[in-house]
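J.: Make a model of this:
(2 chains)
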Amino acid sequence: MVIFLRNKYSVCPGCSLLCDDIEIEMKGTEIDKANNACIKGVSRIKDTKKLESKIDGNEVNQDEAIFKAAELLQNANNPLIFGLDNSTTEAQLEAIKLAKLISATIDDNSSFCQGPIVNAILKNELKTCTLDDVRDYADVLVFWGADPSNSHPRLNSKYAYYPRGKERQRGWDEDRTAIAIDVRESSSSVLCKDNFYQIPPRSDGELMTALSSAFSGKMPKVSFDIETQRILKLSNILKKAKYGVIFAGLGLTYSQTGIETIKNFLTELNTYSNFHLIPMVGHYNMRGFNQALYNETGYVNRVKFVKNESGNLDIKHGLQYSVLEQLNNKEPDTVLIIGTDPFTSMPHSVAKKLKEVPTIIIDPCETLTEKIADVVIRSAKSGIECGGNAIRIDGTCVELVPIINSGCLCDEHIICKIMEEI
Amino acid sequence: MDDFGKYLSKPEHEIRIITYRDVFQSSAAEKSKFSDEYKNLSAIIQLDKKDIKKMGLKIGHNVIVKSTVGEVTVQLKVIESDIPHQGFAYMPNSPWSNAIVPLSDDRSGVPEYKMLHATIKDAKNESITLIEELIA
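T.: Residues are numbered from 1 along each chain as shown, chains lettered A, B, ... in the order given. Below you'll find the predicted structure:
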């Protein structure tokens, strides 16, 4: 085992904040401490176990597993590649190449998560900013359907609420106002005290419409129980913000069938104020996948590559190419899952369809889905055992420098070897 | 009376479930999804204390939560909050909640993670659903 620790600080791949101030302490060749990291980050960094690759549940060496995976993918007529949100940008680009090579459908978790908002940001349809801008300028923070204390634990201490910034020198109690809009009380909403607005599920759009009325001096009306005075107070805070940021959580995204309401609300709000929106993407490099696929195809997810009669590749896109629709309709005849665990993150009524098709897993960790997989290829944990680049929650590119070298191949090299075999 | 009661089916109560994320559960998942720590933080459902009383359920007991696509046995907990949330229950996003989350009917492609219609009833002596049973 070789220790790579050259820099004083390491980057945590625990979530999409990609905290870059982690102080690693080693005990021999093992990571002993990950100082400054949150509880989730510490677990991601420290709990690195050496696991074996498998074919049909039996341990094999990695090359055998790669060869078998290549064979299955080569023989597939309609393969699906899913995941990659916990892989480096370099691995994501190789996976897109593989998808082109074998005419596959490719999708990631953003397909049933923050994809629509990231798509709008990449198309400049939603005004956004960096986390450094938040720290330096933001005076009004809106956690809308978001609970960063649990999803992005260091957001408030490192960037949003507590730190002093260039134009926020007087501290959080004087310089920043935090607002939570959510369907349930959370650790983050408690922080906002009287500025917590609890609304019924799927009432987010209705509240936006009411706030837009209040912006233009009309009396806001909603069908649910909330004092009009509170809506007027909220609209006043939003209108008077010098630099506002909406942290759009899954609660907000899931409340909408599209994002037109969010776009219209932000446009309306910005006729009076200066608001930005940051999507609370979870996995550390989901934005990287969206960006990489967008650069290649013009779409952030749900893409199928098809060879046309002249041998060129056509790009197809739509809901029918989402991982959920694909599996639910039993479309793929082989599935390659990279760095994600469908049995943890998606409805089991869909995940169980994986039992009916050859399934290949590339993952450094023991997952539930691998229990039903035909091939499991163990990879290095990116950011810890191998390096690369990743895109932070705000679109900033961050370099991951490996801390240790376990001798395990990273996702990128495994995908390259599969392509070589094919 | 007790002996007779065990032959009666327990009443089912309708509930709407909202899933959420918990940092301690996420941390446990990083260590092992097959651990007791992960199960104890995941296989739970939280109800308003008034709902618990009205439904005749007991905090700490196991309950069967059933939707149109599946059912799981999880432990009943209460949220110590001043803000009532009657009619709504909360479950951490986990394999247990995903066993009962259906796909949505709309064209968004997003499952019903934030508004899941289900029923809940006392599980009598049933144990919490094992993670291995969820994959089976």
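
J.: Contacts only, for residue 42.
T.: Looking at chain A here, since you left the chain open. A:V42 is in contact with A:34, B:27, counting by Cβ atoms under 8 Å, 6 or more residues apart in numbering or on different chains. Backbone N, C-alpha and C define where each C-beta goes, glycine included.

J.: To clarify, I was referring to chain B.
T.: By Cβ under 8 Å, 6+ apart, the contact set of B:S42 is B:25, B:28, B:92, B:94-97.

J.: Let's see that with 10 Å instead.
T.: B:S42 is in contact with A:344, B:22, B:25, B:28-29, B:33, B:74, B:91-97, B:128, B:131, counting by Cβ atoms under 10 Å, 6 or more residues apart in numbering or on different chains.

J.: And for it, nearest residue in space, chain neighbours not counted?
T.: Spatial nearest neighbour of B:S42, excluding adjacent residues (Cβ to Cβ, 6 or more residues apart in numbering or on different chains): B:S94 at 3.6 Å.

J.: so the one you found sits right up against B:Y113, yeah?
T.: No - with contacts counted by Cβ atoms under 10 Å, B:S94 stays clear of B:Y113, the gap being 11.3 Å.

J.: Give the intersection of the neighbour lists for these two.
T.: Residues touching both B:S94 and B:Y113 (Cβ under 10 Å, 6+ apart): A:345, B:19.

J.: sorry, back to before: count of neighbours near the residue nearest to B:S42?
T.: 28 (other Cβ atoms under 10 Å in any protein chain shown).

J.: which phi and psi does it have?
T.: phi -160, psi 180 (degrees, to the nearest 10).

J.: neighbours of the closest residue to chain B within the stretch 51-200 of chain A, just the number please.
T.: Closest contact between the stretch 51-200 of chain A and chain B, by Cβ to the nearest Cβ, is at A:N150 (4.4 Å). A:N150 has 19 neighbours, counted by other Cβ under 10 Å.

J.: hang on, it in a helix?
T.: Yes - remark: A:N150 belongs to a helix, assigned using DSSP: H, G, I helix; E, B strand; the rest coil.

J.: So it is in contact with A:D182, correct?
T.: No - using Cβ under 10 Å, A:N150 makes no contact with A:D182, being 11.8 Å away.

J.: Now do the shared contacts for those two.
T.: Common neighbours of A:N150 and A:D182, counting by Cβ under 10 Å, 6+ apart, are A:188, B:20.

J.: Return the nearest residue of chain B with respect to chain A.
T.: Per Cβ to the nearest Cβ, B:E30 is where chain B lies closest to chain A, at 3.5 Å.

J.: ok, that residue to A:K50 distance?
T.: 16 Å (Cβ to Cβ, to the nearest Å).

J.: Comparing these two, which residue is more hemmed in?
T.: A count of neighbours by other Cβ under 10 Å puts B:E30 above the other of B:E30 and A:K50, at 20 against 9.

J.: Does that one belong to a helix, a strand or coil?
T.: Using three-state DSSP, the structure places B:E30 in helix.

J.: thinking A:E325 is in contact with B:G109, fair?
T.: Yes - A:E325 is within contact range of B:G109, at 6.6 Å (criterion: Cβ under 10 Å).

J.: Confirm that B:K121 sits in a strand.
T.: Yes - note on B:K121: a strand contains this position according to three-state DSSP.

J.: Show me what counts as buried in stretch A:146-159.
T.: By neighbour count on 16 or more other Cβ atoms under 10 Å in any protein chain shown, the buried set for stretch A:146-159 is A:146-156, A:158-159.

J.: Give me the distance between the two termini of it.
T.: 16 Å (Cα to Cα, to the nearest Å).

J.: Go ahead and confirm A:G383 touches A:C15.
T.: No - A:G383 is beyond contact range of A:C15, at 11.3 Å (criterion: Cβ under 10 Å).

J.: tell me, what's touching the two both at once?
T.: A:44, A:284.

J.: Phi and psi next, for A:K33.
T.: The phi/psi pair for A:K33 (degrees, to the nearest 10) reads phi -140, psi 150.

J.: tell me which element the closest residue to A:Y254 other than its chain neighbours falls in.
T.: Spatial nearest neighbour of A:Y254, excluding adjacent residues (Cβ to Cβ, 6+ apart): B:K114 at 4.5 Å. If you go by DSSP states H and E, B:K114 is not part of any helix or strand.

J.: near chain B, which residues of the stretch 301-422 of chain A?
T.: For the stretch 301-422 of chain A, the contact set with chain B under Cβ under 10 Å from any Cβ of the partner chain comprises A:301-302, A:318-320, A:322-325, A:328, A:341-352, A:355, A:365-372.

J.: taking those residues one by one, which sit in helices?
T.: A:323-325, A:328, A:342-345, A:348-351 (DSSP state H).

J.: Looking at the residues you listed, which two lie furthest apart in space?
T.: A:E325 and A:T344 (19.7 Å; Cβ to Cβ).

J.: The helix or strand hosting A:N295 near chain B anywhere?
T.: In the assignment (DSSP H and E), A:N295 maps to helix A:286-297. No - Helix A:286-297 does not reach chain B (Cβ under 10 Å from any Cβ); its nearest approach is 14.6 Å.

J.: Against which helices or strands is that helix packed?
T.: helix A:89-101, strand A:105-107, helix A:115-122, strand A:275-279, strand A:303-307, strand A:313-317, strand A:388-391, strand A:397-400 (3 or more Cβ pairs under 10 Å, 6 or more residues apart in numbering or on different chains; DSSP states H and E).

J.: Please repeat the previous calculation with a cut-off of 6 Å.
T.: Judged by 3 or more Cβ pairs under 6 Å, 6 or more residues apart in numbering or on different chains; DSSP states H and E, helix A:286-297 is in contact with helix A:89-101, strand A:388-391.

J.: Tell me which strands the last one pairs with, and in which orientation.
T.: Applying DSSP bridges, strand A:388-391 is found paired with strand A:397-400 (antiparallel).

J.: in its sheet, what does the helix or strand that the partner strand is followed by sit against?
T.: Following strand A:397-400 in sequence order, the next helix or strand is strand A:404-405 (DSSP H and E). Neighbouring strands of strand A:404-405 in its sheet, by DSSP bridges, are strand A:2-3 (antiparallel).

J.: in the chain, which helix or strand is least confident?
T.: Picking chain A for this. Taking mean pLDDT, DSSP states H and E as the measure, chain A has strand A:2-3 as its least confident helix or strand, at a mean of 43.
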